[in-house]
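Peer 1: Sequence and predicted structure below; questions after.
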Amino acid sequence: MITGILSHIVLLLLFSPLLLGVIGKTKALFAGRCGAPLLQPYFDLRKLFGKGFVFSETTTWVFLAGPILAAAVPLLAALLIPFGALAAPVSFSGDLILFVYLFGLARFFTAASALDTGSSFEGMGAAREVTFACLVEPTVLFVFIVLARLSGSLSLGGMFGSTLAASWLSGGPALGLVLVCLFVVLLAENSRIPFDDPNTHLELTMIHEVMVLDHSGPAFGMILYGSAMKLFVLGALLVRLALPWQTGSALLDGLLFIAGMLLLAVMIGAVESTMARLRLVRIPQLLIGTTLIALFAMVLVLR
Amino acid sequence: MLEVNNILLLLVILINFFTLGSARLGACIRAVALQGAILSLLPLTVHGLNAHSLVLSGGAFVLKGVFIPWLLFRAIREVRIRREVEPRIGFVPTMILGALTTAGSFIFAGYLPLATEHQGTLFIPTALATLFTGFLLLITRRKAITQVLGYLMLENGIFVFAVLLSTAMPLMVEAGVLLDLMVAIFVMGIVLNQINREFATLNTERLSALKE
C-alpha cells in the first residue's frame, strides 16, 4: 500500500506539468510555430516557487487557503483512482462521492479566495466558475452510476478496475457515451478551450483565470501545479476507460498509461487548435446536453 | 451484426439530441442528412446483402442522404436564412423534453408485445424516440424549414420501424413511401418560397395573422 501511494504521488508530481507542455507544443505545431519547449511548465513552476509571497492588506487566511487546497486536493483524489492498470492505493465503498466533492471543496476555496480579495471582477469570475461547475457535476455522477452498475462495485478502484474490459463487451454503447461525456467534463473542469481559454487575459471572456489574478509567486505556482494535477487525475479516468487492458507487468502497464496520457494531451491540443471558444450563453446548453447524454447512457444500462 | 446495428442506432439517437440543441439551420440539415444516410445502412446490416435490401438502402441513401438535403440547402440559400431565432420553447427545454421522451420510449418499448427476436434490441426505442424528436421539432420551431426537418425526422423514425418489417413488406410499398416523402418535401419547398415571397420571412406564425 505504501509503495502504491508513493508510485501514484511520484507519477502525478513528475508527469502532470508535462501534459501542459505537450498541449502547448501541439497547439504551436497546429499554428505553424516552433513553440515553447516541452519542459516549459516545469521552468515556470520553478520560477514561481523561487519568488516571495505578496499579500494584499485586505485579504485574510482564506486567500492563502485557496491555492493550498488547489494543490492538495488533486494529490488526495489521485489516491482513489487507478493509474492505468496500477490499482488505486486507497479504495473503499462510496469513495466516488468523496472524489467528486474533494474537487468541490477545492473549487469552493478557490472561489472564496477570489471573493476574499474584494474585487468585483474576481467575484464575477467566481460566479461563472461555480455556475458551470454545478452543471458539470450531474454528468460526473451519472457517469459514475453507469460505471457502478456495469462493474457492480461502489468504489472507484472497482469501477475502473479489472472488470472494465469485460464491461466493454456487455455495455459497449453506454461506455462509448460515457467516454464522450468524460472528455467534455475534462475540458470543462480544466477550463480548456471550448469552455474557457487558459491563455486569455481578456476580462469579459475568462472564467477560471479571473479568479486567480491576484495570486502571485508560490501561491500562483500552487494553483498552476494544482490545475496541472487536476488535468492529470481526470485524464487518468478517461485513459483508463479508453485503454482497459492489463498486461500483467507493472512496467508495461505504466508505459501504456503514460502513452495514453500523452495521446490525450495531444487530443486536447488538437481540439483547442481546431475549435473556437463557445459563446458564454452557449456553454450551459452544451453542458446540459452532455448531462442528457450521460442520463441516456444510464437508461441504456438500467434497462 | 448486432453490435453494428446498436452503434448505428445510437448515432441516430445522438443526432436527435444534436438537432434539438442546434440553432444553425445548415448544421441541422447536415445532421438530418447524416441520419438518413446512417439509416440507409440498416437494411443491409439487418437483412444481409440481397437485391431487396440493396434497392431499399440505395433508394433511401440517394433520397434521404443526398437529394432532399440538397433541396433544403438550395431553399435556405434562396431565402437567405442561417439560424433559428427564438424557437417557441427554448433549446435547453426542448433538449430536456427530448431526453424525457427518449427515456420514455425505452421504458414503453419494454412493455410492447414484440416478436421475440425484436425484444431487447434498440430498434423499437430508437424508432419511437426519433418519432418524438420529429414531433418536438414540428411543435417548437417557428421557421418553416425546421418544421420540414421535423417532418423528415418523423419519417426517419417510421423508416426504422419499416426496416424490421421489410422482409414482409413488398418493395412497391416502400417505393411508394419514399415517393410520398419526396413529393411532400417538394411541395414544402414551393410553399417555403411562397411564404418567403409574401412576407419576406419564414416565420410560420405570420400565417395565422391572415385575416383579410
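Peer 2: Thanks, I have it.
Peer 1: element containing the residue in the stretch 101-250 of chain A that chain B sits nearest to, please.
Peer 2: Per C-beta to the nearest C-beta, residue A:173 is where the stretch 101-250 of chain A lies closest to chain B, at 5.0 Å. Glycine gets a C-beta too; all of them are placed from N, C-alpha and C. Using DSSP states H and E, residue A:173 maps to helix A:172-189.
Peer 1: do residue A:81 as well
Peer 2: Using DSSP H and E, no helix or strand contains residue A:81.
Peer 1: before we move on, back to that, does the residue of the stretch 101-250 of chain A closest to chain B really touch residue B:10, like I thought?
Peer 2: Yes. Using C-beta atoms under 8 Å, residue A:173 is in contact with residue B:10, at 5.0 Å.
Peer 1: Check the contact lists of the two and give me the overlap.
Peer 2: Contact criterion C-beta atoms under 8 Å, 6 or more residues apart in numbering or on different chains; residues shared by residue A:173 and residue B:10: residue B:122.
Peer 1: can you pull the buried residues of the helix holding residue A:173?
Peer 2: Buried residues in helix A:172-189, defined by neighbour count with 16 or more other C-beta atoms under 10 Å in any protein chain shown: A:173-178, A:181-189.
Peer 1: how distant is that helix from the center of its chain?
Peer 2: Here helix A:172-189 is found 13 Å from its chain centre; the criterion is C-alpha atoms, centre = their mean, to the nearest Å.
Peer 1: Please put the alpha-carbon coordinates of that helix into CSV.
Peer 2: What follows is helix A:172-189, C-alpha atoms only, in CSV (Å, rounded to 0.1, in the frame of the first residue of the first chain):
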residue,chain,number,x,y,z
GLY,A,172,-20.1,-1.1,-25.1
PRO,A,173,-22.6,1.5,-26.4
ALA,A,174,-23.2,3.0,-22.9
LEU,A,175,-19.4,3.1,-22.2
GLY,A,176,-18.8,4.8,-25.5
LEU,A,177,-21.3,7.6,-24.5
VAL,A,178,-19.6,7.8,-21.1
LEU,A,179,-16.3,8.3,-22.7
VAL,A,180,-17.6,11.2,-24.7
CYS,A,181,-19.2,12.7,-21.6
LEU,A,182,-16.0,12.3,-19.6
PHE,A,183,-14.0,14.1,-22.3
VAL,A,184,-16.4,17.0,-22.2
VAL,A,185,-16.1,17.0,-18.4
LEU,A,186,-12.4,17.0,-18.6
LEU,A,187,-12.4,20.0,-20.9
ALA,A,188,-14.9,21.9,-18.9
GLU,A,189,-13.4,21.2,-15.4
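Peer 1: which strands and helices sit next to the next helix or strand after that helix?
Peer 2: Counting by DSSP H and E, the next helix or strand C-terminal to helix A:172-189 is helix A:208-211. Packing partners of helix A:208-211 (3 or more C-beta pairs under 8 Å, 6 or more residues apart in numbering or on different chains; DSSP states H and E): helix A:95-116, helix A:120-151.
Peer 1: ok, 10 Å please
Peer 2: helix A:95-116, helix A:120-151, helix A:217-242 (3 or more C-beta pairs under 10 Å, 6 or more residues apart in numbering or on different chains; DSSP states H and E).
Peer 1: any chance of those helices in JSON lines, with distance to chain B and mean pLDDT too?
Peer 2: JSON lines is the format used below for those (distance: least, C-beta to the nearest C-beta, whole Å; pLDDT from 0 to 100):
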{"stretch": "helix A:95-116", "distance to chain B": "22", "mean pLDDT": "92"}
{"stretch": "helix A:120-151", "distance to chain B": "10", "mean pLDDT": "90"}
{"stretch": "helix A:217-242", "distance to chain B": "16", "mean pLDDT": "92"}
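Peer 1: What residues does chain A have near chain B?
Peer 2: A:169, A:172-174, A:176-177, A:180, A:282, A:284-293, A:295-300, A:302-303 (C-beta under 10 Å from any C-beta of the partner chain).
Peer 1: Would you tell me which one of the helices and strands packed on helix A:208-211 is buried the most?
Peer 2: Comparing those by mean neighbour count (mean count of other C-beta atoms under 10 Å in any protein chain shown), helix A:217-242 ranks first with a mean of 22.
Peer 1: Mind listing what's buried along the next helix or strand after it?
Peer 2: Next along the chain after helix A:217-242, taking DSSP H and E as the criterion, comes helix A:250-274. Neighbour-count burial for helix A:250-274 flags A:253-254, A:256-258, A:260-261, A:264-269, A:271-272 (criterion: 16+ other C-beta under 10 Å).
Peer 1: Quick one: distance of helix A:250-274 to the chain centre.
Peer 2: In terms of C-alpha atoms, centre = their mean, the centre of helix A:250-274 is found 14 Å from the chain centre.
Peer 1: do the same with stretch A:292-303
Peer 2: 23 Å.
Peer 1: What residues of it count as buried?
Peer 2: A:292, A:293, A:294, A:295, A:296, A:297, A:298, A:299, A:300, A:301.
Peer 1: Find the residue closest to residue B:66 in space, skipping its chain neighbours.
Peer 2: Spatially, and ignoring its direct neighbours in sequence, residue B:66 is nearest to residue B:33 (7.6 Å; C-beta to C-beta, 6 or more residues apart in numbering or on different chains).
Peer 1: Now that that neighbour has come up, it's in contact with residue B:153, right?
Peer 2: No. Residue B:33 lies out of contact with residue B:153 (C-beta atoms under 10 Å); the separation is 11.3 Å.
Peer 1: Quick check: neighbours shared by those two?
Peer 2: residue B:15 (C-beta atoms under 10 Å, 6 or more residues apart in numbering or on different chains).
Peer 1: quick one, phi psi at residue B:102?
Peer 2: Residue B:102 adopts backbone torsions of phi -60, psi -50, taken as degrees, to the nearest 10.
Peer 1: is it possible to export the buried residues of stretch A:292-303 to CSV including secondary structure?
Peer 2: Output for those, formatted as CSV (DSSP: H, G, I helix; E, B strand; the rest coil):
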residue, secondary structure
A:292, helix
A:293, helix
A:294, helix
A:295, helix
A:296, helix
A:297, helix
A:298, helix
A:299, helix
A:300, helix
A:301, helix
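Peer 1: nearest to residue B:6, of the residues you listed?
Peer 2: residue A:300 (9.5 Å; C-beta to C-beta).
Peer 1: isn't that closest one right up against residue B:122?
Peer 2: Yes. With contact defined as C-beta under 10 Å, residue A:300 reaches residue B:122; the gap is 8.4 Å.
Peer 1: Find residues that contact each of these two.
Peer 2: With C-beta under 10 Å, 6+ apart, residue A:300 and residue B:122 have common neighbours A:173, B:6, B:10, B:13, B:106.
Peer 1: For chain B, which residues are neighbours of chain A?
Peer 2: Near chain A, when you scan chain B using C-beta under 10 Å from any C-beta, you find B:3, B:6-7, B:9-11, B:13-14, B:16-18, B:20-23, B:90-93, B:95-96, B:98-100, B:102-107, B:109-110, B:120, B:122, B:125, B:129.
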